[in-house]
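J.: What follows is a predicted structure for the sequence shown.
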Amino acid sequence: MAQTCRKPACQLGPTSSPTPSNSTHRTSISLCSPSEYDFYIPVVDIFTLDTEVLIPRDADSPSPTTALVRAGYLGHVPHAPSLAFSLHTLEHFRLLRARKPSFSIEAFGKVLCDSYKIPYRRRYRTCLSGAFDTYLAILRGVDRKINETLGRDAPNWRVLNACPPCIYELEGEPTLTFGQMYVLDGGNSAKRMAEGACNCGDMRQYTESDYILPRTYIDQFANEVQSRNTVTQSEVVLDSLEADEDADADPSRHTIASDCSKNWKAAASDEKKRMWSIFDETGIFVSACHHGLVLWVADMVRSGELAKYPLAIISKVLELLGKRSLAAYDIGCGFASTIRASSLGKAFEQQGCRICIDAFHGYAHNYVCQTKNHPNGIQGAGIEDFGAIERFFSASNALAPVIRYATAYHRSVFLDLFFKQWDDDKYLNLATMIYHNYKQSINIIASESLALDGAKALLGIQDGDLEAWRQEEIEYIAGLGKETTWDIHTMAYVELLHKLRDTQTCASDASLQFLSTMPSDYQFLSPSQDMSYSANVSATRKLETQRRYHSERLDTLQHEVVALEVKMGITHRWQPTSPEYQETMKYMAMHTYQRALDNLQCLVVQRLFELQKLNISQMAYKMRTHISKSLQTRCHTIQTAIKKYNEAASQLHPPRPPLEWSKVSHYSFLEEFNLLHETQQDIRDKMWVKPAIRETMRQWLRIQRAKEEIERCNVEVRHLHTSIVDEDRHFTRVLSSLEDSPLYFAVQEFCTHRQLVNSQLLDCIFQIYALPGFSGVASPGLRKGRVDLDGEGDGMDSILVGHEHEHDRDGDDETIEVLDDEGDDIQDIGTLVEYLSDLALTH
């Protein structure tokens with residue numbers, strides 16, 4: 001029958017096709033009576049390996065493209081396509097890309113050619129790319145219809161509902177210390193080369209993603225904070241005075257900002273965060289809840305990790321996620337000052353928000369910072385490590401080879417596909433994550449409580465003592481190495497006296513040398529009579545220049561010394577024999593000693609982390625080689641730092657014992673460095689310095705964090721359970737109202753898949769309820785602001801029926817419900833959306 005149908009005048013494409021010319025594998029699709037409008041077209045179908053099919057077309061068909069889609073194919077161009085791909089092939093490629101982001105269109109094009117046993121040509125990749133773009137656009141249109149039907153098209157709906165454990169607040173639940181916990185960081189693997197000749201013609205812009213923040217919104221925060229390099233000296237003095245006034249509120253603020261931030265690229269001034277001009281987008285700045293679901297993403301455009309990117313995300317959090325949020329950022333200690341200095345500072349403080357450092361990067365910060373900002377020491381943080389972004393970037397790195405040379409449109413499309421698949425996977429893993437956190441917390445309490453109770457009994461201490469010693473340690477560490485205003489002025493005064501004496505000596509020597517050039521029998525002679533002047537003019541001018549320089553330098557220093565003496569009320573200039581002078585010299589020697597020790601600590605910590613990186617699996621050869629060379633360099637640098645430390649230690653009274661490389665190379669705890677600091681406080685008799693007490697304090701803190709984690713898990717698991725129940729009731733209501741609607745099949749397919757995912761989540765939720773140490777409420781609750789409606793739980797009952805029988809079922813063996821084919825309904829609908837909604841149907 002198909003062979004008798006003639007090709008109409010609107011024949012699509014040439015008779016040649018990318019499939020073998022000697023192939024006679026033709027297929028006819030008969031969904032209606034033969035018509036003179038039927039046409040043949042070369043096709044690609046990885047499942048049937050058809051090379052050409054007969055496409056039936058009605059006389060009232062809007063276009064050949066519509067007939068193609070109804071037959072299950074999609075052309076590579078909207079008008080007059082010469083090649084069509086089966087929708088099953090395109091869907092198969094979409095699924096492959098979802099699970100393997102590095103699988104490119106070119107690679108799949110080669111797979112298709114290998115399947116057809118023909119040589120690969122670039123034209124096949126171009127045709128596949130065009131068809132795949134259209135297919136994704138159609139799916140996005142279907143998703144929009146589904147979201148509109150389900151009421152999920154409101155602005156910011158995804159952020160406010162994507163993670164039920166974080167967002168789905170219930171009536172009568174306990175209040176957590178932090179209502180929201182999220183993490184943010186930037187990565188540069190998503191770079192894209194600047195527009196070139198190969199992609200300059202694609203002017204499309206992808207604006208359908210609700211993950212990526214608009215650049216206009218981000219640029220609002222471009223000039224929020226003044227650059228560090230543009231701050232004048234007078235402003236530095238004023239800032240230091242203001243910092244001293246705020247010392248009572250946060251005594252470690254100044255120390256943290258000065259010691260930690262300078263060690264991170266992200267904390268450098270914006271002028272230093274530049275990128276090569278060969279890149280348009282230089283990476284992405286990502287924020288995600290602590291469960292891993294993406295909140296917002298900002299494109300980093302021709303720059304590094306500028307402050308405007310995290311500020312834009314913080315602004316969104318303050319606007320949408322409510323009060324009492326805890327953010328984690330690898331430079332959270334320094335970025336807190338940036339937030340306070342911006343227009344967001346007031347709202348950030350009023351809403352009780354806080355920013356800390358994640359656990360992984362936190363150990364690279366100094367111990368002063370860790371006592372204030374590490375999650376292990378923050379009340380309410382639980383056992384969360386805030387490593388979601390690191391895991392995100394570890395997975396998104398696979399996109400780099402695909403988007404590096406892509407157009408701006410395709411880069412945004414592929415990133416959006418990755419974000420959606422990532423969120424789907426993280427949603428499926430929500431209950432499992434809560435289960436493991438709950439179980440880990442129970443094990444921590446069970447295993448370490450016995451040891452803690454034994455230690456407290458042996459040492460004769462209570463929990464109150466541990467808490468007081470912990471606070472005492474924080475206060476001591478916060479003030480470690482901090483100088484008072486009088487100390488700073490005193491040191492400046494003594495340093496000026498040193499410079500003044502040195503300059504006086506240099507000026508006296510320069511004057512004597514200049515005078516020594518004058519002959520003993522000097523007589524005034526006119527320049528025309530002095531025959532020897534020209535021979536000594538060069539040496540004379542050099543000596544005269546030196547004399548003038550040292551004389552002017554001496555006048556300047558004398559002016560500064562006098563001004564400082566008037567300011568400090570010093571009536572008699574200090575001499576080396578003065579008690580004040582000697583005490584200041586002793587203090588300066590200790591200051592030099594502490595700075596040398598701080599530098600040594602920083603180098604050793606970096607060495608420890610680099611040694612750890614060498615043991616990470618799947619480490620690339622180049623990276624491993626780079627770290628090995630860096631370690632060799634670091635060892636030499638540490639040895640130099642030890643020499644400087646020993647020199648500074650020898651200047652103390654009494655001198656401190658020198659350090660040896662063999663000893664420093666075996667340091668593994670930051671406390672071993674910080675407790676060496678000499679201050680005006682004698683801490684040798686402090687209880688928290690003793691090793692047994694410090695170990696007991698660590699156990700106590702870990703148990704406290706585990707108890708907080710259990711409290712949070714009790715709240716989050718009930719959030720998730722209630723959201724699943726409410727969502728199923730909503731699905732039931734929507735589907736009952738769509739029985740006669742063309743969108744019924746599309747919405748039903750979405751709801752069916754979601755219910756299967758929720759069923760798996762429920763399986764894990766009931767495992768949490770069955771844990772021996774579970775202390776929460778093992779039933780769903782009522783969402784805040786929602787009225788409970790009786791009789792709406794029938795849909796949920798269908799999920800729970802037989803749930804216990806599926807408890808031990810392997811997830812890979814789950815049977816997905818197959819919907820019956822309704823050919824007559826498809827012909828009656830006759831639209832693209834309705835056809836695509838039946839793609840999952842089995843014919």
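T.: Received, thanks.
J.: The longest strand out of those in the chain - what's its average pLDDT?
T.: Across the chain, the longest stretch assigned as strand under DSSP state E is strand 279-289. In this model, strand 279-289 has an average pLDDT of 91.
J.: now do stretch 380-388
T.: 91.
J.: Dump stretch 733-747 to CSV, keeping only the CA atoms.
T.: Only the C-alpha atoms of stretch 733-747 are listed here, as CSV (Å, rounded to 0.1, in the frame of the first residue of the first chain):
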residue,chain,number,x,y,z
ARG,A,733,-8.0,16.5,42.6
VAL,A,734,-6.2,17.8,39.4
LEU,A,735,-6.6,14.5,37.5
SER,A,736,-10.3,14.2,38.4
SER,A,737,-10.8,17.6,36.9
LEU,A,738,-8.9,16.7,33.7
GLU,A,739,-10.7,13.5,32.6
ASP,A,740,-12.0,15.1,29.5
SER,A,741,-9.1,17.4,28.9
PRO,A,742,-6.4,16.9,26.2
LEU,A,743,-3.7,17.4,28.9
TYR,A,744,-4.9,14.4,31.0
PHE,A,745,-2.4,12.0,29.6
ALA,A,746,0.6,14.3,30.0
VAL,A,747,-0.4,15.3,33.6
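J.: Just the buried residues of that stretch, please?
T.: Buried residues in stretch 733-747, counting neighbours by 16 or more other C-beta atoms under 10 Å, are found at 734, 735, 738, 742, 743, 744, 745, 746, 747. Any C-beta I mention is one placed from the backbone N, CA and C, and that applies to glycine too.
J.: now it, how far from the chain's geometric center?
T.: In terms of C-alpha atoms, centre = their mean, to the nearest Å, the centre of stretch 733-747 is set 40 Å apart from its chain centre.
J.: With stretch 159-169 instead?
T.: Offset of stretch 159-169 from its chain centre (C-alpha atoms, centre = their mean): 20 Å.
J.: thinking again about what came up before, name the strands paired with the longest strand of the chain and say parallel or antiparallel.
T.: Partner strands for strand 279-289, per DSSP bridges, with pairing direction: strand 180-187 (antiparallel), strand 192-193 (antiparallel), strand 294-301 (antiparallel).
J.: can you pull the contacts of the residue nearest to the spatial centre of the chain?
T.: The centroid of the chain falls nearest to residue 185 when counting by C-alpha atoms, centre = their mean (2.3 Å). Taking C-beta atoms under 8 Å, 6 or more residues apart in numbering as the criterion, residue 185 is in contact with 285, 286, 329, 330, 358, 389, 390, 393.
J.: Turn those residues into a markdown table, including distance to residue 413.
T.: Shown next, in a markdown table, are those (distance: C-beta to C-beta, whole Å):
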| residue | distance to residue 413 |
| --- | --- |
| 285 | 19 |
| 286 | 17 |
| 329 | 28 |
| 330 | 29 |
| 358 | 30 |
| 389 | 22 |
| 390 | 25 |
| 393 | 20 |
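J.: who wins for most neighbours among those?
T.: For the contacts of residue 185, the largest number of neighbours (other C-beta atoms under 10 Å) sits with residue 329, at 28 neighbours.
J.: I'd like the distance from that one to residue 367, if you could.
T.: Look at residue 329 and residue 367: by C-beta to C-beta, to the nearest Å, they are 19 Å apart.
J.: Then residue 287?
T.: Taking C-beta to C-beta, one finds residue 287 at 28 Å from residue 367.
J.: just to revisit the earlier point, from the buried residues of stretch 733-747, pick the one nearest residue 493.
T.: residue 734 (78.0 Å; C-beta to C-beta).
J.: Would you confirm that the closest one contacts residue 150?
T.: Yes: with contact defined as C-beta atoms under 8 Å, residue 734 and residue 150 form a contacting pair (5.9 Å).
J.: intersection of neighbour lists for the two?
T.: With C-beta under 8 Å, 6+ apart, residue 734 and residue 150 have common neighbours residue 747.
J.: Any chance of TSV for the buried residues of stretch 733-747, columns pLDDT?
T.: Output for the buried residues of stretch 733-747, formatted as TSV (pLDDT from 0 to 100):
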residue	pLDDT
734	94
735	94
738	89
742	86
743	89
744	92
745	92
746	93
747	94
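J.: quick one on the thing from earlier: in terms of mean pLDDT, which of the strands paired with strand 279-289 ranks lowest?
T.: The weakest mean pLDDT among the strands paired with strand 279-289 belongs to strand 192-193, with a mean of 86.
J.: so where do the strands sit in this protein?
T.: Assigned by DSSP E, the chain shows strands spanning 26-28, 39-44, 52-55, 73-75, 84-86, 180-187, 192-193, 279-289, 294-301, 325-328, 354-356.
J.: elements contacting the fifth one?
T.: Translated: strand 84-86. Other elements packing on strand 84-86 under the criterion 3 or more C-beta pairs under 8 Å, 6 or more residues apart in numbering; DSSP states H and E are strand 39-44, strand 73-75, helix 122-150.
J.: Tabulate the ones you listed in JSON lines, adding columns for mean pLDDT and mean neighbour count.
T.: Output for these, formatted as JSON lines (pLDDT from 0 to 100; neighbours: other C-beta atoms under 10 Å):
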{"stretch": "strand 39-44", "mean pLDDT": "92", "mean neighbour count": "24"}
{"stretch": "strand 73-75", "mean pLDDT": "93", "mean neighbour count": "25"}
{"stretch": "helix 122-150", "mean pLDDT": "94", "mean neighbour count": "17"}
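J.: Tell me which two of the contacts of residue 185 sit farthest apart.
T.: Within these, two members stand farthest from each other by C-beta to C-beta: 285 and 358, at 14.9 Å.
J.: Appreciated, that's everything.
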